[in-house]
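Participant: Build me a model:
(chains A and B)
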Amino acid sequence: MYDVLTILVDGVVYASWLFIVALGLTLIFGVLRILNIAHGSMYAIGAYAAVTLAPLAPALGLPPVFSLLAMLIAALAVAIVLAPLMERGLLRLFYGRDEVLILLITYAVFLILEDVSKLIWGVNPYYLFEPRNLFGTVEIGDLFYVGYDLMLIALAAVCGLAVWLGLNKTKVGKIVLAVIHNPDVSACMGVNIARIYLLAFFVGVFLAALAGAFTAPLISVQPGISVSVIILSFAVVIIGGLGSIPGAAIGAVVVGIVRAAAVYELPEAEIFIVYLVMAIVLVFRPEGLFQRTQARKI
Amino acid sequence: MHASTRRTYLSGLILAAALLVVGFLLPAWLLFTVTKAIGYGLVALGIITLMRGGLVSFGQGLVYCIGAYAAGLLATRIGVTEAPLLLLVGMVASGLVGLLVGPLIARYRGIFFAMLTVALSMVLYGILVKMNAIGGSDGFTLPEPTFFGWQPDVGTSDLALYVTAVIVACAAATACRLYYDSMAGMMALAVRENELRVEYLGSSVFNVTVRNFAIAAALGGLGGSLNAMALGHIDPLFSFWTTSGEFVFISVLAGHLSVGAVFVSALILELVRSFSNRYFPETWQMIIGIFLIATIIFLPGGVGSLFQRVLKRGPAAGRGESAENEGRAAP
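Facilitator: Just a heads-up that it's a prediction; the model follows:
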């Protein structure tokens, strides 16, 4: 029997980066009504960009803290390049079409990006150790935790708070909420819908890449990480309710803790326990935990 | 018998005969590819059945895998190697799973339906990976199938399996065409257009969905058991979501206008896979992705709409199809 505290801390650390990915996914779905399968690729490319850029800081003789800055820049660069390309270049063509059709388009983009990242970075794993040593270790209960992992929790909180504040307390955010509520009326009121869509998509991609960049020190960055992340973050947003920020947070914590508990208590179930939870939630709450049921259209 | 029903039977028979004759002329590698494509096509035919009702399953790997494992376990554990029996068992096993799962997920639509099917298939994947008694993540190898007691030698076993596959595929395609054109099958189109009206008119959307899901599951199981024999080896990846993605790809490429188009699309996928494995081993997913986008943009009705353009004059082409016309690749 493992300590409840151990499971809790491990689960919350896991939940933190998963929340950042899911936050981007749920934001994109909320505004653009697109469930982006390629979101996992954004995460993977963010991680690849980080392992490429972060070692530059020590190489240039800068203090190690700058590698964190390099990871941030890496995530930003991924979003600046990929978000406009995908949203303006491709997804724009399918607005107003069936949600499932757009799902297929993003699946195609996922397939393409999968091979593109193999072409750029090859198939060998990359490792990034240095940043993980930046924050020392912290003792919780009887166990020592890497400070960097706990920093991820803070990062997740900052991201969630920033997106929530941005949406609810700024003018742009209120416009975004108006677009979510009704794009057509917003357009009539003079809102540049295309710009709002691009903005939301950009922020969503940035969050995925950010999560990728900051988890790069925890994992070996290699082909295949996008596949597992996308399925996990889908489970998170489906459990929480698509398009809901608190939902993504709750979903991430549920998935994180359930997975951590499975790792310690029932290792055989680790691979599928998350999907099982998702299926159970869907059976009882078809729209997820945080989604109000919508009226049927006749 | 109605004229169009007779025409469906006849075209099924002619197609089967033609494909059987062609089979004796094809080189061995192509025989294997076509057999495998038929297996894929059968699963995709199931997705088409669902698509007509407005649903896309992103987790058909579930039933594909169950069909394959049912046949595989029967062959390795009990020692039944009779190909027709294995196909039947695979189909029945998956059909039963479809009947069980169908009522659970019949009230979901769109993305939720798609994601729930993914979740179920991934649960199966997770379980199979950990079940070391049946091979775990490595899967296991099947014995060579026999055909009514006859054990073909190495040179002819591909051909024997091809003949079986062609017969099964033509029978399944004919049965699906008849079902789609029947009152019960047409109901799916009405459900896609407006569920509430269907309910008000006295039909049950739930029943239509469950029936279509069970049919799709049975077809998936059939495809799974066929491919288990064709490949000679099965592993949990049969249930992985990227496998299901390929089935969706085939269905979108085919469109839901023609049952024959499904097998053509499956063959296209298999040929693209073979050639890119040979010439562009690193980029075959990319090629598939570009292909998928191009299909949705330039051929929204799928390959089936090409057939329709050629056959436009006949009354059969117009009947029952006018409602499900161009402009929507996936419903």
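
Participant: Run through the helices of chain B in chain order.
Facilitator: Applying DSSP state H to chain B gives helices spanning B:3-23, B:28-51, B:61-73, B:83-105, B:110-130, B:154-181, B:183-193, B:195-200, B:205-231, B:241-254, B:259-279, B:284-298, B:303-310, B:315-318.

Participant: of all the ones you listed, which lies closest to A:Val100?
Facilitator: helix B:110-130 (5.9 Å; C-beta to C-beta). Every residue, glycine included, has its C-beta placed from N, CA and C.

Participant: Tell me what angle that closest one forms with helix B:83-105.
Facilitator: 130 degrees (axes from the mean of the first three to the mean of the last three C-alpha atoms, to 10 degrees).

Participant: other SSEs contacting helix B:110-130?
Facilitator: helix A:99-121, helix A:225-240, helix A:273-284, helix B:61-73, helix B:83-105, helix B:241-254 (3 or more C-beta pairs under 8 Å, 6 or more residues apart in numbering or on different chains; DSSP states H and E).

Participant: if you go through the stretch 1-150 of chain A in chain order, where are the helices?
Facilitator: Along the stretch 1-150 of chain A, counting by DSSP state H, counting those that start in this stretch, helices occupy A:4-32, A:39-53, A:56-59, A:65-89, A:99-121, A:147-169.

Participant: highest average neighbour count across those?
Facilitator: Most buried of the helices of the stretch 1-150 of chain A, by mean neighbour count (mean count of other C-beta atoms under 10 Å in any protein chain shown): helix A:39-53, with a mean of 28.

Participant: Let me see the confidence value for residue 63.
Facilitator: Assuming you mean chain A. A:Pro63 is assigned 81 on the pLDDT scale.

Participant: sorry, should have said chain B
Facilitator: Note on B:Val63: pLDDT of 96.

Participant: of all the helices of chain B, which lies closest to A:Phe290?
Facilitator: Comparing the helices of chain B by C-beta to C-beta, helix B:110-130 comes nearest, at 14.3 Å.

Participant: List of residues touching the helix or strand harbouring A:Val179?
Facilitator: Assigned by DSSP states H and E, A:Val179 belongs to helix A:171-181. Defining contact as C-beta atoms under 8 Å, 6 or more residues apart in numbering or on different chains, one finds that helix A:171-181 is touched by A:30-31, A:165-168, A:185-186, A:189, A:191, A:193, A:196-197, A:199-200, A:243.

Participant: ok, which residues in the stretch 101-250 of chain A are in contact with chain B?
Facilitator: Residues of the stretch 101-250 of chain A lying close to chain B by C-beta under 8 Å from any C-beta of the partner chain are A:101, A:103-105, A:107-112, A:114-116, A:118-119, A:227, A:231, A:234-235, A:238, A:242.

Participant: Taking chain B, what residue is nearest to chain A?
Facilitator: Residue nearest to chain A within chain B: B:Gly126 (2.6 Å; C-beta to the nearest C-beta).

Participant: can you count the residues close to that residue?
Facilitator: Using other C-beta atoms under 10 Å in any protein chain shown, B:Gly126 has 21 neighbouring residues.

Participant: Could you verify my assumption that it touches A:Ala269?
Facilitator: Yes - assessed by C-beta atoms under 8 Å, B:Gly126 is found in contact with A:Ala269 at 7.4 Å.

Participant: Could I get the contacting residues of A:Trp17?
Facilitator: By C-beta under 8 Å, 6+ apart, the residues touching A:Trp17 are A:Leu152, A:Ala156, A:Ala211, A:Phe214, A:Thr215, A:Leu218.

Participant: Ignore what I typed, I meant A:Leu91.
Facilitator: A:Leu91 makes contact with A:Leu32, A:Ile34, A:Ile102, A:Ile105, A:Thr106, A:Phe201, according to C-beta under 8 Å, 6+ apart.

Participant: what pLDDT does the residue of chain B closest to chain A get?
Facilitator: For B:Gly126, the pLDDT comes out at 85.

Participant: which residues touch it?
Facilitator: A:Ala269, A:Glu270, A:Ile271, A:Phe272, A:Ile273, A:Tyr275 are the contacts of B:Gly126 under C-beta under 8 Å, 6+ apart.

Participant: Which two among the contacts of helix A:171-181 are spaced furthest apart?
Facilitator: Based on C-beta to C-beta, the longest span within those runs between A:Leu165 and A:Val185 and measures 24.8 Å.

Participant: Quick one: distance of stretch A:181-199 to the chain centre.
Facilitator: Its chain's C-alpha centre and that of stretch A:181-199 lie 24 Å apart, by C-alpha atoms, centre = their mean, to the nearest Å.
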